[in-house]
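In: quick one, structure for this:
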Amino acid sequence: MKFTTDHPTTLLELVIAKLGLGARSTGKQLVRYSAITVNGVSTNDPRAAVNPGDEVVLERTPRVPTRKKKPPFPVLYEDEHLLVAEKPPGLLTHGVGEKRAVSFFSIMDAWIDDVTRGREQLFIVHRLDKEVTGLLIFTKSAELQEWFKTHWKSVEKRYCALVEGAPPRPEGVMESWLHEHPDTLKVSSGPQRPNARLAVTHWRTLSVHGPYTLLELVLDTGRKNQIRVQLSDLGCPIVGDYRYGADASVKRQIRLCAYQLSFPHPVTGRPVELKIQPDADFLNPSNVDEKYK
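Out: Next up is the predicted model:
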């Protein structure tokens with residue numbers, strides 16, 4: 001089903017108008033779980049801009065298959081090759097030893113094994129820190145897992161972070177050499193030397209929330225704790241990240257979210273773009289313990 005518009009609008013408003021939907025909630029669900037492209041680019045963002053001349057294609061087949069058992073965490077994209085899900089804060093991406101069974105990967109893998117009766121399994125492509133929330137890609141074969149490793153530069157990841165204060169400019173680039181302490185495993189910045197790794201991060205201001213600022217961050221490099229260290233060095237530690245200088249009265253969650261992924265589908269070549277929005281609690285931290293260690 002193809003749609004066009006004669007005036008600027010959003011994807012949600014266009015779908016509601018063209019399908020005669022009475023409730024916005026119905027429209028949001030349809031946008032989130034159907035396969036939709038805008039000018040050939042797959043998206044599930046209800047707020048995506050649609051302009052005159054743009055072509056919107058809506059496929060009635062849901063992008064996320066109907067399962068008899070609900071997934072343990074939100075699944076934003078699934079086909080026979082890939083699955084993209086949203087990791088909550090406080091959960092390891094992939095644990096080892098005793099922690100393996102309670103990791104995000106193990107829980108999702110157990111679910112897919114259950115609902116497909118062992119016909120499918122998951123392979124983790126990348127990781128997020130335990131305290132960080134956001135989108136993670138799984139493949140359903142080792143071959144596609146290897147494809148992502150080989151073509152990782154084709155994956156664009158965008159993060160948002162709620163930080164204390166505000167950076168000196170609305171946007172900019174942070175460059176530094178990062179070092180990991182062998183005993184504490186804490187990362188710090190310093191001079192270029194053996195074993196130091198260059199980290200480059202672009203930031204821009206999205207909005208201001210009282211004493212806090214919401215930033216969008218795009219990484220040129222993928223170093224351990226890169227965003228957390230560099231924002232601390234900038235004088236704007238991430239809210240809740242007292243390991244790197246934030247006010248310790250906010251007892252977790254670290255307000256860092258991998259909120260957008262864009263990549264070419266490894267089998268079809270079709271662009272895939274997925275996006276989530278931080279919830280209200282993300283933008284309104286308090287000193288209430290958020291119940292994870």
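In: can I assume Ile108 is in contact with Leu122?
Out: Just so we're on the same page, residue 108 is Met rather than Ile. Yes. Using Cβ atoms under 8 Å, Met108 is in contact with Leu122, at 5.9 Å. For every residue, glycine as well, the C-beta is placed using N, CA and C.
In: joint contacts of the two?
Out: Leu83, Phe138 (Cβ atoms under 8 Å, 6 or more residues apart in numbering).
In: so, low pLDDT: which residues of the protein?
Out: 22, 33, 60-64, 97-101, 292-293 (pLDDT under 70).
In: partner strands of the longest strand along it, parallel or antiparallel?
Out: The longest strand of the chain (DSSP state E) is strand 197-209. Strand 197-209 has the following strand partners under DSSP bridges: strand 171-180 (antiparallel), strand 212-219 (antiparallel).
In: how about these, which one is nearest Leu12?
Out: strand 212-219 (21.0 Å; Cβ to Cβ).
In: okay, angle between the helix or strand following that closest one and strand 171-180 too, please.
Out: Proceeding N to C from strand 212-219, the next assigned helix or strand is helix 226-233, under DSSP states H and E. Going by axes from the mean of the first three to the mean of the last three Cα atoms, to 10 degrees, helix 226-233 is angled at 110 degrees with respect to strand 171-180.
In: and the contacts of helix 226-233?
Out: With contacts defined as Cβ under 8 Å, 6+ apart, helix 226-233 is touched by 129, 159, 161, 163, 174, 176, 178, 187-189, 199, 201, 203, 215, 217, 219, 237-238, 241, 243-246, 254, 256.
In: what are the buried residues along that helix?
Out: Within helix 226-233, the residues that qualify as buried by neighbour count (16 or more other Cβ atoms under 10 Å) are Gln226, Ile227, Arg228, Val229, Gln230, Leu231, Ser232.
In: repeat that for stretch 284-292.
Out: In stretch 284-292, counting by 16+ other Cβ under 10 Å, buried: Pro285, Glu290.
In: so how far is that stretch off the chain centroid?
Out: Distance, stretch centre to chain centre, for stretch 284-292: 21 Å (Cα atoms, centre = their mean, to the nearest Å).
In: and for stretch 265-283?
Out: Worked out by Cα atoms, centre = their mean, stretch 265-283 lies 6 Å from the chain centre.
In: identify all contacting residues around that stretch.
Out: 37, 40-45, 74, 76-77, 81-82, 84, 86, 133-135, 139, 144, 147-148, 151, 160, 162, 209, 212, 214, 253, 255, 257, 259-264.
In: redo the buried residues of helix 226-233 as a markdown table? Include distance to Val56.
Out: As requested, the buried residues of helix 226-233 are exported to a markdown table (distance: Cβ to Cβ, whole Å):
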| residue | distance to Val56 |
| --- | --- |
| Gln226 | 36 |
| Ile227 | 33 |
| Arg228 | 38 |
| Val229 | 41 |
| Gln230 | 38 |
| Leu231 | 37 |
| Ser232 | 42 |
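In: which one of those is nearest Pro52?
Out: Closest approach between the buried residues of helix 226-233 and Pro52, by Cβ to Cβ: Ile227, at 37.6 Å.
In: how near is the closest one to Thr213?
Out: 14 Å (Cβ to Cβ, to the nearest Å).
In: would Tyr77 count as being in a helix?
Out: No. Tyr77: not assigned to a helix; according to DSSP: H, G, I helix; E, B strand; the rest coil it is strand.
In: can I get the longest strand of the chain in CSV, CA atoms only?
Out: Taking Å, rounded to 0.1, in the frame of the first residue of the first chain, the C-alpha atoms of strand 197-209 are listed here in CSV:
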residue,chain,number,x,y,z
ARG,A,197,43.1,4.1,22.0
LEU,A,198,41.8,7.1,20.2
ALA,A,199,38.1,7.9,20.8
VAL,A,200,36.1,10.4,18.7
THR,A,201,32.5,11.4,19.6
HIS,A,202,30.2,14.0,18.0
TRP,A,203,27.5,15.6,20.1
ARG,A,204,24.6,18.0,19.6
THR,A,205,22.0,19.4,22.0
LEU,A,206,18.5,18.1,21.6
SER,A,207,16.7,19.8,24.6
VAL,A,208,17.1,21.3,28.0
HIS,A,209,15.4,19.8,31.1
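In: can you give me the buried ones in it?
Out: Buried, per 16+ other Cβ under 10 Å, within strand 197-209: Arg197, Ala199, Thr201, Trp203, Thr205.
In: next one: the longest helix seen in the chain to chain centre, how far?
Out: Assignment by DSSP state H gives helix 104-115 as the longest helix of the chain. Taking the mean of its C-alpha atoms, helix 104-115 sits 19 Å from the chain's own mean (Cα atoms, centre = their mean).
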